[in-house]
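Engineer: return a 3D structure for these sequence lines:
(one chain, ligands or ions: 1)
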Amino acid sequence: MNNDFEDFEEEQEIEEFPKLVAIPKEFYSEATGKPFECCSVCEKGLLQPETWYMVEKAVKRYVKYNVQDIIFEYAICMECHAEMEARLSTESKQNMQEYMRSHADLEARSNAFYDCENFDVNSWIGQCAVTRVPRAELTEYQMVASFNGDKMAYTVMPLILGMKALDEMVQLLSNKSLDELNDFKDRITGMPPDLRELFKESKFVMI
Ligand SMILES: [Zn+2]
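Structural biologist: Sure, this is the predicted structure:
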């Protein structure tokens with residue numbers, strides 16, 4: 001009987017995780033002022049329930065003037081994400097995973113999300129997940145989160161990575177993996193031409 005109760009508890013935990021909340025405005029498309037509606041690669045619709053996807057944005061901040069520019073933004077469905085990931089070498093992927101595991105303490109993040117009652121997205125993206133430098137002091141960073149339909153999921157994301165962490169992560173990728181990522185950039189649609197130029201020059205690691 002005891003065992004049954006434990007099983008029941010476990011099922012409950014699985015059902016509750018990850019927690020889903022309304023999409024925060026920080027992860028809306030800057031271009032439309034609304035949540036992303038389709039995958040920036042295959043154009044599949046994203047807002048139906050049980051459609052998993054990620055949104056990634058790169059932001060450049062001019063701290064002195066307190067203004068910011070979006071360098072790039074896109075949404076990517078899990079199928080396209082898996083396809084992109086398959087192009088990276090096993091070694092590159094292991095290096096990245098090891099880097100995140102040893103620097104970002106993902107397990108602690110995940111547990112903190114699980115325990116949290118009040119979800120304020122800013123408390124999760126308020127500092128670089130690796131260096132802990134406050135977002136307000138970062139001149140450039142990337143933010144990423146995962147979504148299910150019209151909800152954002154709290155997993156180890158949302159998180160932000162500042163330039164120092166991104167630089168270190170790029171160093172962990174083989175030249176071939178970097179080439180593959182650069183090729184993949186060309187498949188991301190819906191980007192204005194001036195942003196596309198910035199995007200091509202920017203560091204791009206894909207989490
Ligand atoms: Zn897609």
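Engineer: what does this structure put close to the ion?
Structural biologist: For the chain, the residues in contact with the ion (Cβ under 5 Å from the ion) are 39, 41, 42, 44, 77, 80. (C-beta placed from N, C-alpha, C; glycine too.)
Engineer: same thing but at 6 Å, please
Structural biologist: Within the chain, the positions adjacent to the ion are 39, 41, 42, 44, 77, 79, 80 by Cβ under 6 Å from the ion.
Engineer: report the buried members of those residues.
Structural biologist: 39, 41, 77, 80 (16 or more other Cβ atoms under 10 Å).
Engineer: in helices only, show me the residues you listed.
Structural biologist: Counting by DSSP state H, those place residue 80 in helices.
Engineer: how about CSV for the buried ones among the residues of the chain next to the ion, with pLDDT added?
Structural biologist: Shown next, in CSV, are those (pLDDT from 0 to 100):
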residue, pLDDT
39, 96
41, 93
77, 96
80, 93
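Engineer: for the buried ones among the residues of the chain next to the ion, which two are the farthest from each other?
Structural biologist: 41 and 77 (7.4 Å; Cβ to Cβ).
Engineer: contacts for the strand or helix carrying residue 123 next, please.
Structural biologist: Taking DSSP states H and E as the criterion, residue 123 maps to helix 121-124. Contacts to helix 121-124, defined as Cβ atoms under 8 Å, 6 or more residues apart in numbering, come from residues 24, 26, 27, 109, 113, 152, 154, 158, 159.
Engineer: could I get the full set of helices for this protein?
Structural biologist: 2-16, 78-86, 90-104, 106-115, 121-124, 163-171, 175-185, 193-201.
Engineer: from the chain's centroid, how far away is the third one?
Structural biologist: Between the mean C-alpha location of helix 90-104 and the chain-wide mean there is a distance of 15 Å, by Cα atoms, centre = their mean, to the nearest Å.
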